[in-house]
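[1] After the sequence you'll find the predicted model.
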Amino acid sequence: MQKNYEKKDERILVVKRDRLFANGAWHGIHVGDTQKYVSLIDGAGEFQWRSAMETDTQYKQIIPYLVFAYEDKIFIMQRRSDSSEQRLRNKMSIGIGGHMRQEDMQEKDIFAWARREFHEEVAYNGSFKIETIGIVNDDTNDVGKVHIGLVLLLRGDSSEISVKSELKHGQMLSLSECEQYYDQMEGWSQLVFDSLRTKLQSKS
């Protein structure tokens with residue numbers, strides 16, 4: 001099978017859709033029983049060739065989706081026009097995410113991987129704590145049909161953060177300031193933003 005793909009192909013972590021959604025798929029962010037999904041990914045996850053998974057809706061590619069926050073602001077970014085995922089090019093995002101490649105998974109720990117991914121995508125010298133927000137799913141578009149996100153909140157102790165890699169630029173903004181970019185956000189970012197905004201309003 002491997003010889004059928006280009007050399008740049010990679011084996012990524014996926015889980016069969018029917019294992020993730022034994023009781024039927026849901027839309028949006030699932031914030032309850034997140035650990036159940038983490039355990040399911042650990043137990044039922046497998047590595048398949050990315051080129052095959054991009055159009056195979058029987059599987060969901062596992063994407064940790066990292067939201068960075070400092071005090072009352074979050075980091076919002078714009079993807080580059082030559083991003084490897086052409087369906088997300090130039091979109092605004094509040095989540096740093098990426099595929100979990102087999103070659104990067106020396107240890108079976110999603111959170112250790114998330115830390116490595118974060119430092120690959122942005123320049124940040126401070127420290128942070130990781131909190132689990134939930135699981136995001138959106139089957140209304142071609143990207144969402146083959147991906148599922150583990151949404152993690154990274155609470156930093158510094159606002160000194162900047163983009164690199166496939167991101168064009170980024171800035172720290174309050175949730176109210178982020179609203180002006182809502183229509184330009186990728187689907188997952190809109191869903192996560194709505195969840196964060198609801199949490200903020202419930203505390204006020």
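    Thanks, I have the structure now. Numbers count the residues shown, from 1 in each chain.
[2] State the number of residues packed around residue 74.
    Residue 74: 23 surrounding residues under other CB atoms under 10 Å. Quick note: C-beta positions are derived from backbone N, CA and C, even for glycine.
[3] for the one 4 residues further on, same thing?
    Around residue 78 there are 20 other residues, counting by other CB under 10 Å.
[4] Name the helix or strand for it, please.
    Per DSSP states H and E, residue 78 falls inside strand 73-79.
[5] helices or strands next to that strand in the packing?
    strand 59-70, strand 92-93, strand 167-174, helix 175-178 (3 or more CB pairs under 8 Å, 6 or more residues apart in numbering; DSSP states H and E).
[6] What backbone torsions are found at residue 37?
    phi -70, psi -40 (degrees, to the nearest 10).
[7] shaky segments in the protein?
    1-7, 80-89, 106-108, 165-167, 199-204 (pLDDT under 70).
[8] tell me how far the longest helix belonging to it is from the chain's mean position?
    Ranked by number of residues, the top helix in the chain under DSSP state H is helix 187-203. On the basis of CA atoms, centre = their mean, to the nearest Å, helix 187-203 is displaced by 15 Å from the centre of the chain it belongs to.
[9] Equivalent analysis for stretch 39-51, please.
    That offset, for stretch 39-51, works out to 16 Å (CA atoms, centre = their mean).
[10] again with stretch 109-119
    11 Å.
[11] Enumerate the positions of that stretch that are buried.
    Neighbour counts over stretch 109-119 (16 or more other CB atoms under 10 Å) mark 110, 113-115, 117-118 as buried.
[12] Ok, stretch 97-105 next?
    So, applying 16+ other CB under 10 Å, buried residues of stretch 97-105: 97-100, 104-105.
[13] Also stretch 187-200?
    Result for stretch 187-200 [16+ other CB under 10 Å]: buried residues 188-193, 195-196.
[14] What about the buried residues of stretch 109-119, which are in helices?
    110, 113-115, 117-118.
[15] where's the residue nearest to the spatial centre of the chain relative to residue 94, distance?
    For the chain, the residue nearest the mean C-alpha position is residue 65 (2.2 Å; CA atoms, centre = their mean). Distance of residue 65 to residue 94, computed by CB to CB, to the nearest Å: 9 Å.
[16] Name all residues that sit in contact with these two at the same time.
    residue 192 (CB atoms under 8 Å, 6 or more residues apart in numbering).
[17] tell me what the strand or helix carrying residue 51 is packed against?
    Using DSSP H and E, the element containing residue 51 is helix 50-53. The contact analysis (3+ CB pairs under 8 Å, 6+ apart) places helix 50-53 against strand 11-16, strand 59-70.
[18] what about the ones you listed, which gets the closest to residue 133?
    Smallest distance to residue 133 across those (CB to CB): 7.1 Å, for strand 59-70.
[19] Just checking: what are the partner strands of the closest one?
    strand 11-16 (antiparallel), strand 73-79 (antiparallel), strand 96-97 (antiparallel), strand 147-156 (parallel) (DSSP bridges).
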